[in-house]
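Asker: Provide a 3D model corresponding to the input given below.
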Amino acid sequence: MCFRPADASGGDGMNKCPECGKTIQMMAGVTLKKCPFCKCDFTPYINGEKPLPGAGAPAAPAAPGAPKAPGAPKPPTA
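Answerer: As a prediction, the model looks like this:
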């Protein structure tokens, strides 16, 4: 008999609770409706009624600055 973890592929389902942040292992592709740790209801998150924490759009990158002036020339060394 061999031991196999629940799912190491990551899959399509959620793998972290949006409320408590604990990792939840999915078994055979079954999507859970409640967190086994904090009993949070996943239904509003699955239906899109509540946004997932940290799922907001990333901020726009800053505009590049002007190039700096070149440094003064160095005197030759003998």
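
Asker: so what's residue 38 up against?
Answerer: 17, 19, 20, 22 (C-beta atoms under 8 Å, 6 or more residues apart in numbering). To be clear about C-beta, it is placed using only N, CA and C from the backbone, and glycine gets the same treatment.

Asker: That should have said residue 19, apologies.
Answerer: Residue 19 touches 35, 38, 40, counting by C-beta under 8 Å, 6+ apart.

Asker: one more time with 10 Å, if that's ok
Answerer: By C-beta atoms under 10 Å, 6 or more residues apart in numbering, the contact set of residue 19 is 35, 37, 38, 39, 40, 41, 42, 45, 53.

Asker: Quickly find the element holding it.
Answerer: Assessed by DSSP states H and E, residue 19 sits outside every helix and strand.

Asker: Next up, phi/psi of it, please.
Answerer: phi -90, psi -60 (degrees, to the nearest 10).

Asker: Please identify which pair of the contacts of residue 38 lies farthest apart.
Answerer: The largest separation in the contacts of residue 38, counting by C-beta to C-beta, is between 19 and 22 at 9.1 Å.

Asker: list residues touching both of those two?
Answerer: 35, 37, 38.

Asker: can you redo the residues you listed as CSV with pLDDT and secondary structure?
Answerer: Formatted as CSV, these follow (pLDDT from 0 to 100; DSSP: H, G, I helix; E, B strand; the rest coil):
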residue, pLDDT, secondary structure
35, 87, coil
37, 89, coil
38, 91, coil
